[in-house]
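[1] Let's see this in three dimensions:
(one chain, ligands or ions: 1)
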Amino acid sequence: MNLKFSPRAAGRGNQAVTPELAARAGGGWMVALFCTALIGSAFAGPPRVIFDTDITGDVDDVLALAMCHSLADRGACELLAVTVSKHHPLTASFVDAQNTFHGRPDLPVGVTRDLRAQRRESRYLQIADSPDHPHDLRSNEEARDAVELIRSQLESQPDQSVVIISVGIASNLANLLESAGGIALVKAKVRTLSIMAGAFTFCNGTNYHLEANVVNGIGFMQTVAEKWPGEVPIVWSGFEIGEALPYPRESIRRDFGYHPHHPVREAYLLHSGSEHDRPCWDQSSVLWAVHPDRDYFGLSQPGRVEVGDDGFTRFVPAWGGQQIGRDRFLTMSPLQRNRALEAIVQLTVQPPRTSR
Ligand SMILES: [Ca+2]
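    Numbers count the residues shown, from 1 in each chain. Predicted coordinates:
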C-alpha cells in the first residue's frame, strides 16, 4: 500500500506518505488516520477555489488573483468566488474589473460587512473608476456579503472539493467558523486551507516577526487557529516564503504589453513603482493550493499554529503527540525557490483566454 500525497490526507510535500514513514513518525495508529483521511478525500477533480483577499494596501493580492484566473484558464482549478476581508469602498469594483479583464465578468464577489475588519487606504484601487477597466459591479453595496457567499458556495459543492486560499486578514474565515453550522460546513466541503499568514523561521532580521495578516486582525486569526476543524489541513505560507520570492521588475516592464491597460501592470506601478521587486507573499499560497504535488515547496512536519495576543504565530510540532497535526508551514529550498518564482511569473503574465 502506498499512500500518495493528498492535501486532505495531510501528506508531506511530494514525498509519498508510506505506512513506514507514518509509523516512524508517530506509530502504527497514524497509518489508520492517514487511511481514513485519504478515503475521505473522495473528490478527485481539480480544486474548486475560493480566493479570500485583503486587496487594498499591498499589490501582491492583484498578482495572486491574476494567477487564480490563469490556473482556472488552464483547467488546473475552478474559480468559485472572490471575497474581500478589509474595508475600502472600491474593493468590489476593482475585483470585478480584474475578473472582467480575465474573462470572468460574472464571478461572484463578496465583501466583509464586519465593522471590526480593518479599513485600509489603497494606491491602486482607483483604477476601477477608469473607463479603461470596464465592469458592472459599481459599489460594495452591490456586492454580496462575503460570509454568506462563502457559505452558499460551499453548500453547493461536492464534499471536500473546495480549497480556500486566504491572503489577507482572517475576518471572513473567522466569521464563517462562527456562523451557524460553519465549522461542520468547512469540515464537509473544504479540502485544504492555504493561507498566507505568520512567520515560522528567522526573517526580517528577527525570529519573532509579527506578520501583517495576523497583526491587522489578531482576534480573527486566533479564531481560525483555535476553531478550524482538525480534520481539514491548513498550510501556512509564512512571511519568509514570499520575502524570498521577489517579483522581477523586468517582468512588469516587459511582459504585459499585450494589453494597453493591463490591471496587474497598472496596479503594480501605482503601488510599487518600476524599480522595486515586490515579494510574492500571496502568490505563494495560490501556487501551493493548486499545485501541492509539483514540488514548488516543501512542508514542515505537522503540528499546530498558535496565535499569541501580540500576533506572533508559534508552531508547535505534533510528532509523538496525541493527535495528528492539522497545520504545516511551507518550506523552500534554493531550487524550489527558482522553480516557484518562474511558475509565479508565468502564471501572472499569462494572457486571459479571451485575449486575441
Ligand atoms: Ca494580501
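[2] which other residues reach stretch 118-129?
    Contacts with stretch 118-129, where a contact means Cβ atoms under 8 Å, 6 or more residues apart in numbering, come from 54-57, 59, 62, 86-88, 90-91, 93-94, 96-97, 133, 135, 169, 216-217, 263, 266-268, 270-271. For the C-beta atoms, the positions are set from N, CA and C on the backbone; glycine is no exception.
[3] hmm, try it at 6 Å
    With contact meaning Cβ atoms under 6 Å, 6 or more residues apart in numbering, stretch 118-129 is reached by 56-57, 86-88, 90, 93-94, 97, 133, 216, 266-267, 270-271.
[4] Same question for stretch 327-337.
    Under the contact criterion Cβ under 6 Å, 6+ apart, stretch 327-337 has outside partners 200, 234-238, 241, 244, 296-300, 302-305.
[5] Restricted to helices, list the residues you listed.
    By the criterion of DSSP state H, membership of the contacts of stretch 327-337 in helices covers I241.
[6] Give the buried subset of the contacts of stretch 327-337 as a PyMOL selection command.
    Selection of buried members from these for PyMOL, criterion 16 or more other Cβ atoms under 10 Å:
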select buried, resi 200+234+235+236+237+238+241+244+296+297+298+299+300+302+303+304+305
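[7] Now for the most centrally placed residue in the chain: which residues touch it?
    Centroid check for the chain by Cα atoms, centre = their mean gives I165 as the closest residue, at 2.8 Å. Taking Cβ under 6 Å, 6+ apart as the criterion, I165 is in contact with 51, 194, 285-286, 289.
[8] Flag the shaky bits of this protein, pLDDT-wise.
    Low-confidence regions of the chain, defined by pLDDT under 70, span residues 1-42, 319-323, 356.
[9] redo that, cut-off 50
    Along the chain, the parts satisfying pLDDT under 50 run over 1-7, 9-40.
[10] So which bits of the chain are right by the ion?
    Within reach of the ion by Cβ under 5 Å from the ion, the chain has these residues: 54, 61, 167-168, 282.
[11] Which of those fall in helices?
    Mapping the residues of the chain next to the ion onto helices (DSSP H) picks out 61, 282.
[12] which of the residues of the chain next to the ion has the most neighbours?
    Highest neighbour count within the residues of the chain next to the ion: G168, with 32 neighbours (other Cβ atoms under 10 Å).
[13] does that one really touch S85, like I thought?
    Yes - at 4.3 Å, G168 counts as touching S85 under the criterion of Cβ atoms under 6 Å.
[14] picking up where we left off before, spell out for me the PyMOL command that would select the buried members of the contacts of stretch 118-129.
    Listed next is the PyMOL selection for buried residues among the contacts of stretch 118-129, using 16+ other Cβ under 10 Å:
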select buried, resi 56+57+86+87+88+90+93+94+97+133+216+266+267+271
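[15] now the residues of the chain next to the ion in a markdown table, with distance to Q118?
    Shown next, in a markdown table, are those (distance: Cβ to Cβ, whole Å):
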| residue | distance to Q118 |
| --- | --- |
| D54 | 8 |
| D61 | 14 |
| V167 | 14 |
| G168 | 9 |
| D282 | 16 |
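[16] circling back to that earlier point, which ones among the contacts of stretch 118-129 are found in helices?
    Per DSSP H, the contacts of stretch 118-129 map to helices at 93-94, 97, 266-267, 270-271.
[17] of those, closest to E226?
    Of all those, F94 has the smallest distance to E226: 32.0 Å, by Cβ to Cβ.
[18] which residues touch that closest one?
    Counting by Cβ under 6 Å, 6+ apart, F94 has contacts 125, 128.
[19] tell me the contacts of the closest residue to N175 other than its chain neighbours?
    Leaving aside its sequence neighbours, N175 sits nearest to V147 (Cβ to Cβ, 6 or more residues apart in numbering; 4.7 Å). By Cβ under 6 Å, 6+ apart, the contact list for V147 reads 172, 175-176, 179.
[20] now do V111
    Each residue near V111 by Cβ under 6 Å, 6+ apart is listed here: 84, 91-92, 140, 143, 146.
[21] Dump these to TSV, plus neighbour count.
    Formatted as TSV, the contacts of V111 follow (neighbours: other Cβ atoms under 10 Å):
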residue	neighbour count
V84	28
T91	29
A92	28
N140	20
A143	23
A146	28
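[22] Which stretches in the stretch 151-300 of the chain count as strands?
    In the stretch 151-300 of the chain, the segments counted as strands under DSSP state E, counting those that start in this stretch are 162-166, 190-196, 234-237, 298-299.
[23] Please point out which parts of the helix or strand that contains E342 sit buried.
    If you go by DSSP states H and E, E342 is part of helix 334-349. For helix 334-349, the neighbour count (16+ other Cβ under 10 Å) marks 336, 339-341, 343-345, 347-349 as buried.
[24] All set now, cheers.
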